[in-house]
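A.B. asks: What would the 3D arrangement of this be:
(2 chains)
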2 protein chains.
Amino acid sequence: MELEKITEKVIKGIFVELEASGRHVHVNKEQAQILFGHDLTPSRPLSQPGQFLAQERLTVKGPKGEFQNVAVLGPARGKAQVEISLTDGKTLGIRPPVRLSGDVKGTPGAQLIGPKGSITIEEGVIAAKRHIHMTPIDAKHFGVEDKQVIKLQTFTERPVIFEDLVVRVSPEFTTFVHLDYDEANACGFQKGDLGRILL
Amino acid sequence: MELEKITEKVIKGIFVELEASGRHVHVNKEQAQILFGHDLTPSRPLSQPGQFLAQERLTVKGPKGEFQNVAVLGPARGKAQVEISLTDGKTLGIRPPVRLSGDVKGTPGAQLIGPKGSITIEEGVIAAKRHIHMTPIDAKHFGVEDKQVIKLQTFTERPVIFEDLVVRVSPEFTTFVHLDYDEANACGFQKGDLGRILL
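C.D. replies: Numbers count the residues shown, from 1 in each chain, chains lettered A, B, ... in the order given. Alright, predicted model coming up:
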């Protein structure tokens, strides 16, 4: 094994890679038809297998302001979801609760405006709760399991220890910590930065 | 002593109060004249004795965008300084280094536009490094000294431990942790939230 590969293996045995998620929207197939006139078109793959950034973009509008050109992630889901930071919420005039993806019951809504049409969702606006996607192999290696809550120390410009970070384990995942942009900027995250799981 | 006062004394013996600083600008007397045509006028006092939010507001402009109606803090200082979050920096097209207040050498500049005139500062744009202002009595109580670097655990909606937090001790201070809005939102800060010093 080459030195580079050995180094990578050692690093992956100790650290996990961080990723920052910018504001983005998930829609279902019917909503994609209304907003864009067609299904979502993949632009580039994301770190999680099968997930992609769509070519389509839309405007998210709240009572106080809007963001144009917001990323849409595919494939289409069962239900629309808008993931924004608390900072974004100030601009929109929406205070999103901090929730795990999919847990949108009772959350605020927003208006979604696409090139072909617009819809109002009654709920679905959240600030994503910090989490780590893990493969079962990595979960076993780090001694954690699905739904476990851990701490994560970041090796970043402004180091922090994120408490209350939820572990999500699935063979469908690749191992990555997901932070929103408030968290990413609070720790001075730059692409490729690593973290360490603290139990 | 009433129960309420005893409780407050016990709490202040264990915890420190958090504050979030929004984007703001400091100017010197000459700059205040150019921008506003007069000295800064106090609007309301801040937590640090003698410091105030001014009635005057200005626009901060960078290569990519601007913020209008930005707070100006008084009294006038020796040198202009613009404190923004890294998120704000994206909007302005400026990447501010993370620095303690006053440490502006080699930092980026910006354009400041007031109702009476505008100036361009060659340097002075920073993201404020997280810090705690402390009275000498509190510093002694918590066993820390000026310039010491500590960790701070937040008791907030999204709990984090901020590493690399600088202690600043002066009889001129009131004891408060100062976070910027990326940090405040990353930990889900709300007014009155407390933290605990970890050595």
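A.B. asks: what about stretch A:127-140, start to end distance?
C.D. replies: The straight-line separation of the ends of stretch A:127-140 (CA to CA, to the nearest Å) is 28 Å.
A.B. asks: can you dump the C-alpha coordinates of the worst-scoring helix or strand of chain A on mean pLDDT into CSV?
C.D. replies: Within chain A, confidence by mean pLDDT, DSSP states H and E is lowest for helix A:3-14 among all helices and strands, at a mean of 89. These are the backbone C-alpha positions of helix A:3-14, laid out as CSV (Å, rounded to 0.1, in the frame of the first residue of the first chain):
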residue,chain,number,x,y,z
LEU,A,3,2.1,5.9,1.9
GLU,A,4,-0.7,8.2,0.7
LYS,A,5,-3.3,5.4,1.0
ILE,A,6,-2.0,4.4,4.4
THR,A,7,-2.2,8.0,5.6
GLU,A,8,-5.7,8.3,4.3
LYS,A,9,-6.7,5.1,6.1
VAL,A,10,-5.2,6.2,9.4
ILE,A,11,-6.9,9.6,9.1
LYS,A,12,-10.3,8.0,8.3
GLY,A,13,-9.9,5.8,11.4
ILE,A,14,-9.6,8.8,13.7
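A.B. asks: So what's the gap between that helix and the chain middle?
C.D. replies: From the chain centre to the centre of helix A:3-14 is a distance of 26 Å (CA atoms, centre = their mean, to the nearest Å).
A.B. asks: What is the subsequent helix or strand relative to that helix?
C.D. replies: Tracing the chain past helix A:3-14, the next element assigned as helix or strand by DSSP states H and E is strand A:16-21.
A.B. asks: Report the contact partners of the spatially most central residue of chain A.
C.D. replies: Residue closest to the mean C-alpha point of chain A, counted by CA atoms, centre = their mean, is A:S21 at 4.5 Å. Residues in contact with A:S21 (CB atoms under 8 Å, 6 or more residues apart in numbering or on different chains) are A:83, A:128, A:178-181. Yep, even glycine has a C-beta here, placed from its N, CA and C like the rest.
A.B. asks: on that earlier part again, between strand A:16-21 and the least confident helix or strand of chain A, find me the angle.
C.D. replies: Relative orientation of helix A:3-14 with respect to strand A:16-21: 80 degrees, computed using axes from the mean of the first three to the mean of the last three CA atoms, to 10 degrees.
A.B. asks: Now look at the host helix or strand of A:N185 and say if it contacts chain B.
C.D. replies: A:N185 belongs to helix A:181-186 when assigned by DSSP H and E. Yes: residues of helix A:181-186 are located near chain B by CB under 8 Å from any CB of the partner chain, namely A:181-183, A:185-186.
A.B. asks: Quick one: neighbours of the residue lying closest to A:G78 once chain neighbours are set aside, just the number.
C.D. replies: Spatial nearest neighbour of A:G78, excluding adjacent residues (CB to CB, 6 or more residues apart in numbering or on different chains): A:N28 at 6.0 Å. Applying other CB atoms under 10 Å in any protein chain shown, we find 13 residues neighbouring A:N28.
A.B. asks: that older thread, in terms of secondary structure, what does the least confident helix or strand of chain A contact?
C.D. replies: With contacts taken as 3 or more CB pairs under 8 Å, 6 or more residues apart in numbering or on different chains; DSSP states H and E, helix A:3-14 sits against no other helix or strand.
A.B. asks: Check whether the closest residue to A:G114 other than its chain neighbours sits in a helix, strand or coil.
C.D. replies: Using CB to CB, 6+ apart and skipping the chain neighbours, the partner closest in space to A:G114 is A:L35 (2.9 Å). Following DSSP: H, G, I helix; E, B strand; the rest coil, A:L35 is assigned to helix.
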